[in-house]
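# pasting a predicted model and its sequence here:
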There are 2 protein chains.
Amino acid sequence: MNIGNAAEATSLPTKTIRYYEDIGLIKPDRAENGYRDYSDDDVHRLRFLQRSRSLGFTIEECRTLLSLYDDEGRASADVKRIAREKIQKVDEKIAELQSLRSTLKVLVKNCHGDQRPDCPILDDLAGRNTAKSA
Amino acid sequence: MNIGNAAEATSLPTKTIRYYEDIGLIKPDRAENGYRDYSDDDVHRLRFLQRSRSLGFTIEECRTLLSLYDDEGRASADVKRIAREKIQKVDEKIAELQSLRSTLKVLVKNCHGDQRPDCPILDDLAGRNTAKSA
DNA sequence: CTAATCCTTCCAGTCAATGGAAGGTCAAGC
DNA sequence: GCTTGACCTTCCATTGACTGGAAGGATTAG
């Protein structure tokens, strides 16, 4: 299977697939003409990568997950730990964004938003503290 | 004021301050010895940058906000629109992370997490669909 | 035969910094 | 006066995870 078909089969851009090869996540065969030739197993691994990346795992985490996937003797506890850590990171990120959101909400609420040049949002960003921000 | 003091006054690393100069967000004077010399106004702008960056505005948005800040005749509506758009982007990001989180939760819940090699998380990532993921 | 499409490699750019090397300057202590 | 250490300068490379584009070879459709 050429790279274009592999791309279609995995919803990954060809650029990304070549990049994954570059960093050693996948090693397709080569056809006689030099084209990459993806086996079903390669496509399988690419889908694994697509899904784990879309779940927010970093490339290095994906590399670990793939190696656990390859390791018939792995303990599922290892995988579970990685996933738990990821959930915690996601939770932290969500909390951060929510706090940020509430600050922005306060700023927007206090801004009259018309043609007048005075603006509580800018005042707050400048540290002038006219809007009661978080 | 030297860059070290400006850094302390703004909670920004010196590296970052120099970077902001590089991309044209600030233009401090130079002392005779070649050292950067930050005025109170420079420090003010740096604080503005620190705060707007920490609220999640991109550098280009900060550049726009700064120019609106400099523009005595600006309309506060312009600023309000930018802030509103940012809130929407934050909302989208939060929703994305929450969906991701719930998928991860399902995976972790279905994984027995012991020494056994079979792992529903890996099965799911591989597309084997043994865990009921989102 | 030609044109379009696909494939190859390699280099550069993204975003917002951050790290480090090589070297100049300054203030304190002896 | 000299040394030490802290501070400053510039320049170059790296991060993460791709993405864009150029230059050129291979394949396919008509």
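Right, received. Where do you want to start? Just so we're clear, the structure is a prediction, and the values are computed from it rather than from any experiment.
# for the residue of chain A found nearest DNA strand C, phi and psi?
Closest approach between chain A and DNA strand C, counting by Cβ to the nearest atom of the strand: A:G4, at 2.7 Å. The way it works is simple: take the backbone N, C-alpha and C, and place the C-beta from them, glycine included. Main-chain dihedrals, A:G4, degrees, to the nearest 10: phi -60, psi -40.
# check the contact between it and A:L12; I expect there is one.
No: if you go by Cβ atoms under 8 Å, A:G4 and A:L12 don't touch, sitting 11.2 Å apart.
# which one of those two has more residues nearby?
A:L12 (19 against 12; other Cβ atoms under 10 Å in any protein chain shown).
# which element is the closest residue in space to the more buried one that isn't next to it in sequence on?
Nearest residue to A:L12 in three dimensions, chain neighbours excluded: A:Q50, at 5.4 Å (Cβ to Cβ, 6 or more residues apart in numbering or on different chains). Element membership of A:Q50 [criterion: DSSP states H and E] is helix A:40-54.
# which residues touch the residue nearest to A:L12?
A:Q50 is in contact with A:10-12, counting by Cβ atoms under 8 Å, 6 or more residues apart in numbering or on different chains.
# export those residues to JSON lines and tack on secondary structure?
Output for those, formatted as JSON lines (DSSP: H, G, I helix; E, B strand; the rest coil):
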{"residue": "A:T10", "secondary structure": "helix"}
{"residue": "A:S11", "secondary structure": "coil"}
{"residue": "A:L12", "secondary structure": "coil"}
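# between those residues, which sits nearest A:R63?
Nearest to A:R63 out of the contacts of A:Q50 is A:L12 (Cβ to Cβ; 16.1 Å).
# check contacts around that closest one.
So A:L12 contacts A:6, A:20, A:46, A:49-50 (Cβ under 8 Å, 6+ apart).
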